[in-house]
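>>> Predicted model and sequence below, questions to follow.
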Amino acid sequence: MNEQELKIQFLQEYIRKISEDLKGQLISISFMSPADNSLILHKSVNPMVDNSQSSLYQMSILKSLTRAMDFFPGVVNHDIKLLSIAYQGQKHMIFFSPNRSIVAHVILEETANLKLVELVLKTHMRELLTQLTARAGVAILGQKIDLRV
Amino acid sequence: MTIKEHIQNYANVMGQSLDGCISATVFDVQKMEALAYYSPIYPKFDDRVVAHIAQAVQDSYQGLSLLHGMQGKLMKSMEIDLENQTHLLIFTPHRRVVCYIVLEAGKSNLALTEILHEKHYTESLLTVRDLVMAGKITTADPLFSILPMQQ
């Protein structure tokens, strides 16, 4: 299994876990590569819904906002930890992985509690990484796809 | 008083009411320029900030059409979390006017910020509307057309 396949397997497992905990709140989740603006993985609770194009668009907005932060005074670190958008009917969370190799875009029902969702995302990421890094040969993968928000 | 001065009052009141407020700006998304700015820390305003943020907001509006079932829906708010600051964009019923509040990360209370915004923004609009109806502000005021007077 090559690195890309391992990465996708890891993200699929991550999606499976958060889908269970966010049942009734999660609409879709996408993972993208900011380096080449490509989609790595997209999963919708409703298989008829495809928000992948929107996810790619949101990634470009995240990049634009990151550039805007260059001009705001007093910003210690210009990297955006989390971008949350509230729409009529939906809430969105968009964030970079710490090494900025992946962007995640999570779409939730309007009623979702973003602080709780953030906690679920962090907890499962930490647990999965712990399991993965415990296995031989996947320590590098664990570092590369750490998605802590 | 002009409408611009009333909007400036809103920015002043927001900036002075919020603990940890770094700045309060109101901007016109279409023109990509600030209508009002208040900061107890940074008196000089950098136009480039609003230009970039306004561009991102315009892109967000356009991006709505790509979202399944979200055509015609409104954006309510956007929160940008940085290490030491939280930037909050609050969208008004009229999509063209956006309130942009920046707070210290540890001190920010976003729920309170939104409540205060609702109160002060509505008050500002009602005051402006009353003044227009009383003939004290003319509808020829350049900002008259961009404010949601029907709120």
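Looks like it came in fine.
>>> From here on, just use CA atoms for contacts and neighbour counts.
Noted.
>>> pLDDT of stretch B:97-114, averaged?
Mean per-residue pLDDT for stretch B:97-114: 88.
>>> Name the surrounding residues that touch that stretch.
Defining contact as Cα atoms under 8 Å, 6 or more residues apart in numbering or on different chains, one finds that stretch B:97-114 is touched by B:18-29, B:81-92, B:146-147.
>>> CA atoms only: put that stretch into PDB for me.
Output in PDB follows, covering the C-alpha atoms of stretch B:97-114 (Å, rounded to 0.1, in the frame of the first residue of the first chain):
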ATOM      1  CA  VAL B  97     -23.000  45.900   4.500                       C
ATOM      2  CA  VAL B  98     -20.800  43.700   6.700                       C
ATOM      3  CA  CYS B  99     -19.700  44.300  10.300                       C
ATOM      4  CA  TYR B 100     -16.200  43.100  11.100                       C
ATOM      5  CA  ILE B 101     -15.200  42.800  14.700                       C
ATOM      6  CA  VAL B 102     -11.700  41.700  15.800                       C
ATOM      7  CA  LEU B 103     -11.300  40.400  19.300                       C
ATOM      8  CA  GLU B 104      -8.400  39.100  21.500                       C
ATOM      9  CA  ALA B 105      -8.700  35.300  21.300                       C
ATOM     10  CA  GLY B 106      -8.800  34.600  25.000                       C
ATOM     11  CA  LYS B 107     -11.200  37.300  25.800                       C
ATOM     12  CA  SER B 108     -13.700  37.000  23.000                       C
ATOM     13  CA  ASN B 109     -17.300  36.200  23.800                       C
ATOM     14  CA  LEU B 110     -18.900  35.700  20.400                       C
ATOM     15  CA  ALA B 111     -22.500  35.200  21.600                       C
ATOM     16  CA  LEU B 112     -22.300  38.500  23.500                       C
ATOM     17  CA  THR B 113     -20.700  40.100  20.400                       C
ATOM     18  CA  GLU B 114     -23.600  39.000  18.300                       C
END
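>>> Centre of the chain to it, how far?
11 Å (Cα atoms, centre = their mean, to the nearest Å).
>>> and that stretch, which residues are buried?
Of the residues in stretch B:97-114, B:97-105, B:108, B:110, B:113-114 count as buried by neighbour count, 16 or more other Cα atoms under 10 Å in any protein chain shown.
>>> Could you list which of the residues you listed belong to strands?
Counting by DSSP state E, the part of the buried residues of stretch B:97-114 found in strands is B:97-104.
>>> With distance to residue A:128 added, can I get those residues in a markdown table?
Below are these laid out as a markdown table (distance: Cα to Cα, whole Å):
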| residue | distance to residue A:128 |
| --- | --- |
| B:97 | 43 |
| B:98 | 40 |
| B:99 | 40 |
| B:100 | 37 |
| B:101 | 37 |
| B:102 | 35 |
| B:103 | 34 |
| B:104 | 32 |
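>>> List just the nearest of these to residue B:136.
Using Cα to Cα, residue B:97 is the member of those that lies nearest residue B:136, at 22.5 Å.
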